[in-house]
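1. Test case, fold it:
(one chain, ligands or ions: 1)
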Amino acid sequence: MQFHRFEHSAALNADFAERLIAILSEAVAERGHAFLAVSGGRTPQALFAQLASTELPWHKITITLADDRWLPADAKDSNERLVKSVLLQDKASQANFISLVTADAKAEQGADTIAQRLAAVPTFDAVILGMGEDGHTASLFPCSKELAEGLSTTADALAVNPTTAPYQRMSLSKQRLLNSRHLFLHLVGPAKLPVLNQAVAGDDVMQMPIRAFLQQPGVDIQVMFAPE
Ligand SMILES: O=C1O[C@H](COP(=O)(O)O)[C@@H](O)[C@H](O)[C@H]1O
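-> Residues are numbered from 1 along each chain as shown. Reported below is the predicted structural model:
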């Protein structure tokens, strides 16, 4: 793990955006296309706005989510709504987007469709994880009965029913999230650091699923942290 600490989120986002721009530009130059998986929630919003105003060959960049809440794509708490309204704007409006939701009532019913969409996605160039204060990442929640599956399946995605957070979810699996050239954990706020320290101090992944990424042998996850 590489830990990058910034005084505030503006400094973090400036540095992080530069790293992502370099990764995405290099991917397009080398392979003709770039693939990025982002998280939802509160943390990435300012980073998304910064990226949206950046000149990049966005039409050659495909973005998807690490997870989404099983909601209509225009619902207030939808991660897709966040990405579309903040990231896929301005210069980035040309980017391609792969949705993790369907019109099915239940996430389980949409799982095959999501699997087909993700089957076309090669190794990600970058994955940006978030972390909840319970140690969940993507929608791999310690409370959910699907956690063991999410940490072990070779499928790209799975339906998740958290008991301590709202909404059914569709989450990429651990294996799919690790299938990336670069892996980041984006943390902003004073409450995130003690959770990170707790995650680093133990090894029970069922208690804190983020450990599966922080402690994965051979994976050099970059933690981008700012206290405010
Ligand atoms: O539910 C979710 O929470 C995590 C963390 O969100 P944050 O608001 O604390 O940044 C997020 O990474 C995930 O994508 C989201 O669905």
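
2. For the protein, which residues are neighbours of the ligand?
-> 39, 40, 41, 42, 43, 66, 67, 79, 130, 132, 139 (C-beta under 6 Å from any ligand atom). The C-beta positions use only the backbone N, C-alpha and C, and glycine is treated the same way.

3. Most neighbours among the residues you listed, which one?
-> The most crowded member of the residues of the chain next to the ligand, judged by other C-beta atoms under 10 Å, is residue 139 (35 neighbours).

4. list the buried ones in stretch 32-48?
-> 33-41, 43-48 (16 or more other C-beta atoms under 10 Å).

5. Output it as CSV - backbone C-alpha positions only.
-> Only the C-alpha atoms of stretch 32-48 are listed here, as CSV (Å, rounded to 0.1, in the frame of the first residue of the first chain):
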residue,chain,number,x,y,z
GLY,A,32,-6.6,2.9,-28.3
HIS,A,33,-9.1,2.9,-25.4
ALA,A,34,-9.1,3.4,-21.6
PHE,A,35,-11.4,1.8,-19.0
LEU,A,36,-12.1,3.4,-15.6
ALA,A,37,-14.2,2.2,-12.7
VAL,A,38,-15.3,4.8,-10.2
SER,A,39,-17.1,4.7,-6.9
GLY,A,40,-20.1,6.7,-5.8
GLY,A,41,-21.1,8.2,-2.5
ARG,A,42,-19.9,11.7,-1.3
THR,A,43,-16.2,11.4,-1.6
PRO,A,44,-15.5,11.5,-5.4
GLN,A,45,-17.8,14.4,-6.3
ALA,A,46,-15.2,17.2,-6.5
LEU,A,47,-12.7,14.9,-8.2
PHE,A,48,-15.4,14.1,-10.8
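
6. At which residues are the strands of the protein located?
-> Along the chain, counting by DSSP state E, strands occupy 2-5, 34-38, 61-65, 67-69, 96-98, 126-129, 157-160, 169-172, 183-188, 222-226.
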